[in-house]
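1. need a structure here:
(one chain, ligands or ions: 1)
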Amino acid sequence: LFDQMTRALLVSQVSSAEATKARRIAATLRRAIASGQVQRGELLPSTREVARDQSVHRHTVLRAMGMLAAEGWVEVEPRRGFRVAVALPQDGQGKARGARQVHLARDAGLDPLPDAAVKLGHAGPDVRLFPADELRGAYGFVLRTLSAQAMGEAPIEGHPRLVAALSTYFRRVRGVTGRAVAITSGAQDAIASIAQLLVAPGDRVAVEIPGYPPAWEAFRVAGATLVGVPVDGQGLSVEALERELRRGPIRALYTTPHHQYPSTVTLAIERRAALLAAAARARVTIIEDDYDHEYHYASAPIAPLASAANADHVIYVTTLTKALFPSARVAAVASSEALHRSFLRLRRALARVPDALAQLALAVWIEEGGLERHLRRTCRIYQRRRDAMVEALRAPGLRRFVELEVPRGGLALWIRATGRSATAIARDTLKRGVLVFPEAALRLAPGDDAHLRLGFAALSPDEASSAIAVLRVALAG
Ligand SMILES: Cc1ncc(COP(=O)(O)O)c(C=O)c1O
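-> Coordinates of the predicted model:
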């Protein structure tokens with residue numbers, strides 16, 4: 001899900017000489033297609049062949065193909081290469097095809113991302129701490145006792161036992177009650193479905209700046225025009241949202257109030273009420289992404305917006321990616337009954353049916369207390385890792401390059417680099433195998449680029465020290 005951000009970083013590393021060569025190759029191919037020398041739907045020579053003919057690196061050809069795909073001249077043919085598009089931009093259909101498809105094609109043909117990178121920017125959990133044997137036991141039980149009914153059609157809203165287990169958990173631990181719950185394949189799946197449900201092409205959708213690009217992408221794919229709302233030390237600026245509302249209607253707001261992504265700030269109490277009221281007045285649906293709820297260290301987690309009395313216009317999305325592991329692909333959406341019905345109708349039409357047996361195994365594990373046990377354990381470990389990373393960044397050799405506030409929760413730090421731009425730092429660390437996300441990658445438009453997001457949970461103390469050593473060199477320039 002973060003691939004695009006990483007790609008943006010990599011693309012910005014490309015030398016201008018290579019970019020010029022790629023543009024030249026793209027121009028040659030564009031002319032060949034426009035003149036009919038290569039026909040619509042025809043497979044193009046392999047990138048390897050083109051690279052040999054033109055005496056350039058294959059990456060340069062891939063880049064050229066990416067440009068042509070973005071413009072709608074070529075399409076990716078999985079495992080075979082590139083094909084000339086059936087409808088060409090010159091047919092006057094380029095515009096009619098809409099920004100959606102062009103946008104989807106933009107990344108086509110880029111190289112796989114480097115695998116070796118230490119993904120310090122991802123702020124994921126340490127998957128090695130997950131008690132896989134417990135889940136294996138739950139799977140074993142489910143498979144041993146598999147009934148004909150369980151092997152029949154899977155319910156679109158998710159397995160009833162997981163829906164029940166999570167509904168109970170949300171009510172007891174988060175105060176989210178009186179809502180219908182549906183299971184999705186992770187938060188991204190939930191956000192993409194919600195976007196498809198709510199957004200008509202051209203609708204304005206408000207997002208936090210800086211914010212979470214994978215969610216933005218789901219709204220863009222649904223045709224939304226994104227409107228940035230700044231975040232400060234108190235969280236999302238409700239005043240700025242109201243200013244945008246005076247400019248025109250806003251269909252939805254995507255927000256991360258508990259630990260704002262990426263700044264880690266918790267939305268101030270006064271702003272919560274103001275936000276709920278402003279959104280209700282202007283008929284803005286709030287999509288609340290509560291993506292690392294339990295990981296809060298200084299006090300009890302702050303109750304979600306969705307737990308407020310007047311929050312029918314809030315759709316609550318919460319993932320288990322941080323509590324379990326990213327590939328588990330489990331999240332839940334808790335919404336009003338009316339929205340839930342439309343949501344399920346869309347999901348049925350798209351056949352977005354989450355895997356029932358995996359859900360059943362997860363439900364069994366949660367019912368046995370596995371989830372809460374694992375959260376208690378990892379919370380303690382992650383708090384220690386947070387403190388260790390803060391200490392490392394405040395060590396004598398480093399502290400003049402870094403300013404930071406210790407986050408009360410979450411799995412990441414948002415540090416301010418005092419010397420160089422965050423993008424320059426991120427490029428340098430990436431060359432040495434450490435991926436961090438600079439502020440510029442988390443904005444809709446150019447703006448401040450002083451901050452970096454660093455995940456502290458996924459790395460062991462030794463791994464974290466090595467990554468910080470790489471960061472230190474880059475910070476110092
Ligand atoms: C803001 C935010 N939302 C959601 C997610 C998780 O999404 P998913 O459930 O699709 O893995 C993450 C992190 O991975 C995140 O940072």
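2. Show me what counts as buried in stretch 178-197.
-> Judged by neighbour count (16 or more other C-beta atoms under 10 Å), stretch 178-197 contains these buried residues: 179-197. The way it works is simple: take the backbone N, C-alpha and C, and place the C-beta from them, glycine included.
3. quick one: which of those sit in helices?
-> 186-197 (DSSP state H).
4. As JSON lines, those with pLDDT and distance to Gly370 would be great.
-> Output for those, formatted as JSON lines (pLDDT from 0 to 100; distance: C-beta to C-beta, whole Å):
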{"residue": "Gly186", "pLDDT": "97", "distance to Gly370": "19"}
{"residue": "Ala187", "pLDDT": "98", "distance to Gly370": "21"}
{"residue": "Gln188", "pLDDT": "98", "distance to Gly370": "24"}
{"residue": "Asp189", "pLDDT": "98", "distance to Gly370": "23"}
{"residue": "Ala190", "pLDDT": "98", "distance to Gly370": "23"}
{"residue": "Ile191", "pLDDT": "98", "distance to Gly370": "27"}
{"residue": "Ala192", "pLDDT": "98", "distance to Gly370": "29"}
{"residue": "Ser193", "pLDDT": "98", "distance to Gly370": "28"}
{"residue": "Ile194", "pLDDT": "98", "distance to Gly370": "29"}
{"residue": "Ala195", "pLDDT": "98", "distance to Gly370": "32"}
{"residue": "Gln196", "pLDDT": "97", "distance to Gly370": "33"}
{"residue": "Leu197", "pLDDT": "97", "distance to Gly370": "32"}
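5. which parts of this protein sit against the ligand?
-> Proximity of the chain to the ligand (C-beta under 6 Å from any ligand atom) is limited to residues 1, 186-188, 212, 256, 261, 289, 291, 319, 321, 326, 331.
6. now those: which count as buried?
-> Among these, the ones that count as buried by 16+ other C-beta under 10 Å are 1, 186-188, 212, 256, 261, 289, 291, 319, 321, 331.
7. Format the residues you listed as CSV; extra columns: secondary structure.
-> Below are these laid out as CSV (DSSP: H, G, I helix; E, B strand; the rest coil):
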residue, secondary structure
Leu1, coil
Gly186, helix
Ala187, helix
Gln188, helix
Tyr212, coil
Thr256, coil
Tyr261, coil
Asp289, strand
Tyr291, coil
Thr319, strand
Thr321, coil
Ala331, strand
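8. Can you pick out the most distant pair from the residues of the chain next to the ligand?
-> Thr256 and Pro326 (17.1 Å; C-beta to C-beta).
9. Is it correct that Arg174 is in contact with His296?
-> No - if you go by C-beta atoms under 8 Å, Arg174 and His296 don't touch, sitting 11.3 Å apart.
10. which non-adjacent residue is nearest Asp449?
-> Residue nearest to Asp449 in three dimensions, not counting chain neighbours: Ala440, with 4.1 Å by C-beta to C-beta, 6 or more residues apart in numbering.
11. pLDDT wise, what is that neighbour at?
-> Note for Ala440: predicted pLDDT of 95.
12. which ones are touching it?
-> Contact analysis of Ala440 by C-beta atoms under 8 Å, 6 or more residues apart in numbering lists 421-423, 446-447, 449.
13. Which stretches in the chain count as strands?
-> Assigned by DSSP state E, the chain shows strands spanning 74-77, 81-84, 180-184, 204-209, 225-232, 235-236, 252-255, 285-289, 314-319, 331-335, 402-403, 412-417, 437-438, 451-455.
14. Check which helices and strands the first one is in contact with.
-> On a contact count with 3 or more C-beta pairs under 8 Å, 6 or more residues apart in numbering; DSSP states H and E, strand 74-77 meets helix 58-71, strand 81-84.
15. If we go by neighbour counts, what in the first one is buried?
-> Spelled out, that is helix 58-71. In helix 58-71, counting by 16+ other C-beta under 10 Å, buried: 60-71.
16. for the shortest one, same thing?
-> For strand 81-84, a neighbour-count test (16+ other C-beta under 10 Å) marks 81-84 as buried.
17. So among the residues you listed, where is pLDDT lowest?
-> pLDDT across those is lowest for Gly81, at 83.
18. ok, it to the ligand distance?
-> Separation of Gly81 from the ligand (C-beta to the nearest ligand atom, to the nearest Å): 30 Å.
19. who does that residue bridge with?
-> Beta bridges link Gly81 to Glu77 when assigned by DSSP bridges.
20. Next up, the contacts around Gly235.
-> By C-beta under 8 Å, 6+ apart, the neighbours of Gly235 are 257, 260, 265-268, 271.
21. Now tabulate these in a markdown table and tack on neighbour count.
-> Below are these laid out as a markdown table (neighbours: other C-beta atoms under 10 Å):
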| residue | neighbour count |
| --- | --- |
| Pro257 | 24 |
| Gln260 | 24 |
| Val265 | 24 |
| Thr266 | 23 |
| Leu267 | 23 |
| Ala268 | 17 |
| Arg271 | 20 |
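22. can you pull the pLDDT of Ala108?
-> Ala108 is assigned 45 on the pLDDT scale.
23. helices and strands of this protein: which one bottoms out on pLDDT?
-> Lowest by mean pLDDT, DSSP states H and E among the helices and strands of the chain is helix 93-96, with a mean of 43.
24. Surely Val50 and Arg24 touch.
-> No - with contact defined as C-beta under 8 Å, Val50 does not count as touching Arg24 (11.9 Å).
25. of those two, who's got more company?
-> The residue with more neighbours, out of Val50 and Arg24, is Val50; 22 against 14, by other C-beta atoms under 10 Å.
26. quick one: the residue nearest to that one when sequence neighbours are not counted and Arg23, what's the gap?
-> Nearest non-adjacent residue to Val50, counting by C-beta to C-beta, 6+ apart: Val61, 4.7 Å away. Per C-beta to C-beta, to the nearest Å, Val61 is found 12 Å from Arg23.
27. thinking again about what came up before, as a markdown table, the contacts of Gly235 with pLDDT would be great.
-> Formatted as a markdown table, the contacts of Gly235 follow (pLDDT from 0 to 100):
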| residue | pLDDT |
| --- | --- |
| Pro257 | 98 |
| Gln260 | 98 |
| Val265 | 97 |
| Thr266 | 96 |
| Leu267 | 97 |
| Ala268 | 97 |
| Arg271 | 98 |
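28. Please flag which of those residues sit within helices.
-> Arg271.
29. returning to that earlier point: and the strands of the chain as a markdown table, adding distance to Thr28?
-> Shown next, in a markdown table, are the strands of the chain (distance: least, C-beta to C-beta, whole Å):
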| stretch | distance to Thr28 |
| --- | --- |
| strand 74-77 | 13 |
| strand 81-84 | 14 |
| strand 180-184 | 45 |
| strand 204-209 | 39 |
| strand 225-232 | 35 |
| strand 235-236 | 48 |
| strand 252-255 | 42 |
| strand 285-289 | 45 |
| strand 314-319 | 45 |
| strand 331-335 | 46 |
| strand 402-403 | 47 |
| strand 412-417 | 42 |
| strand 437-438 | 35 |
| strand 451-455 | 40 |
